[in-house]
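A.B. asks: need a 3D model of the following:
(one chain, ligands or ions: 2)
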Amino acid sequence: MSVVIIRQDGKIEEWKLALQLAAPEINFYSYLEDHQKDRIEVAMVWKHPQGIFKEYPSMRYIASFGAGVDFLLQDPEIPADVKITRVVDPVLASDMSEYVIGALFSFMKNLIHYRSDQIKAIWDPTPYIRIRDLTVGIMGMGALGSCLAKDLYRIGFKVVGWSRSKKNIDFMECFSGEKQRAEFLSKTNALVCLLPLTPETTNILNKPLFGQLPPGAYVINVARGGHLVDEDLIDMINRGHISGACLDVYHQEPLPKQHPFWAHPKILMTPHVASVSDAQAVVPQLLENYFRFKKGEALLNEVSTLRGY
Ligand code: NAP
Ligand code: GLV
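C.D. replies: Numbers count the residues shown, from 1 in each chain. Ligands and ions are numbered 1, 2, ... in the order given. Predicted coordinates:
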């Protein structure tokens, strides 16, 4: 029983140790060490090097180490019949909620603005926004979006949501599909993107969409860089229609040093850390799926390649 671990972020040994300790009967290999590639049927992967799957002709099941699977579904070298699963985990969801709540308060209470004033020794009190004055609009009401909605509601925010299929949630108004998108946006003062990256959602955060938000709206993108048209965001902020943005994900990661986001005073950036899979929390579901796969049973959190998420 062998599994290959493929990731390029320096965390292979950490994950290998956690997996090996939990399942000593399985051989876990880093893709960088010697192993019999043509016999490997299962991979656990986070943002693999392009072309790597050509080396694994027997591959039948790939588990993403994260919630997103866009990097796998975009790889034309992964055969269509290879099963793909993703992480759905309460810790991942609560980490995401905590990040978004932090970003909302730093916007509402002008904390970033004051930090830059502080560096220049400027004393300049500015009006702030109260919880009761803000409606948060969540694009993507899945595992992460629905947890965020609950947490925001508990704090006292008004929340609206948008997804592909209609949701009925008693404490909030939910919208679905293209037809209801404009109405959802018109009610949103702070927009949070938690969509998966698919052909339908690529570049969805663009100038026409920003134009449908009320003036002064704030934008938080914690999903994928590919959702955002970078120059449209900068333009709408510079025109004053969007008051600022918090970004955790980018078209290219790390973001190139010359990118205008770095120096923009109204853009708060973090390096794709909103919610990071925790080995302790996630290893049990990776192993559960491994054994299900071996027994030919249905996998947990299998992705629909047709739907794209
Ligand atoms: P999920 O459970 O699959 O939820 C996706 C939601 O988006 C669902 O509500 C879905 O609608 C909706 N959706 C999909 N396509 C749509 C479309 N064309 N129009 C409208 N709504 C659409 O995903 P998740 O676990 O919440 O994760 C969301 C994303 O967050 C991941 O794909 C990943 O890219 C990102 N993420 C980022 C970080 C980070 O650290 N920055 C961490 C984890 C995840 P239905 O409910 O109708 O299916
Ligand atoms: C992180 O970006 C994830 O998809 O889990």
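A.B. asks: in stretch 168-182, what's buried?
C.D. replies: By neighbour count on 16 or more other Cβ atoms under 10 Å, the buried set for stretch 168-182 is 172-176, 181. The way it works is simple: take the backbone N, C-alpha and C, and place the C-beta from them, glycine included.
A.B. asks: now, the residues you listed that are in strands?
C.D. replies: 173-176 (DSSP state E).
A.B. asks: nearest to ligand 1 among the residues you listed?
C.D. replies: residue 176 (6.7 Å; Cβ to the nearest ligand atom).
A.B. asks: tally of neighbours for the residue lying closest to the closest one once chain neighbours are set aside?
C.D. replies: Excluding the flanking residues, the one nearest residue 176 by Cβ to Cβ, 6 or more residues apart in numbering is residue 166, at 4.3 Å. Residues near residue 166, counting by other Cβ atoms under 10 Å, number 11.
A.B. asks: ok, back up a step: which ones among the ones in strands among the buried residues of stretch 168-182 also lie next to ligand 1?
C.D. replies: Among these, not one lies near ligand 1 by Cβ under 6 Å from any ligand atom.
A.B. asks: residues in contact with the residue in the stretch 101-250 of the chain positioned nearest to ligand 1?
C.D. replies: Distances between the stretch 101-250 of the chain and ligand 1 by Cβ to the nearest ligand atom are smallest at residue 142, namely 1.7 Å. Counting by Cβ atoms under 8 Å, 6 or more residues apart in numbering, residue 142 touches 163, 194, 196, 309.
A.B. asks: show the backbone phi and psi for the first one.
C.D. replies: In other words, residue 163. phi -150, psi -180 (degrees, to the nearest 10).
A.B. asks: next up, the contacts around the residue nearest to it when sequence neighbours are not counted.
C.D. replies: Of all residues not flanking residue 163 in the chain, residue 141 sits nearest, at 4.1 Å (Cβ to Cβ, 6+ apart). Residues near residue 141 by Cβ under 8 Å, 6+ apart: 149, 161-163, 167, 169, 174, 194.
A.B. asks: buried members of those residues into ChimeraX, please.
C.D. replies: Buried residues within the contacts of residue 141, by 16+ other Cβ under 10 Å, are selected in ChimeraX with:
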select :149,161,162,163,167,174,194
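A.B. asks: quick check: the farthest pair among the contacts of residue 141?
C.D. replies: Using Cβ to Cβ, the contacts of residue 141 reach their maximum pairwise distance at 169 and 194, which is 14.8 Å.
A.B. asks: gap between stretch 200-212 and the chain center?
C.D. replies: 17 Å (Cα atoms, centre = their mean, to the nearest Å).
A.B. asks: for the residue nearest the centre of the chain, give me phi and psi.
C.D. replies: Nearest residue to the geometric centre of the chain (Cα atoms, centre = their mean): residue 223, 3.3 Å. When read as degrees, to the nearest 10, the backbone of residue 223 gives phi -100, psi -80.
A.B. asks: good, wrapping up.
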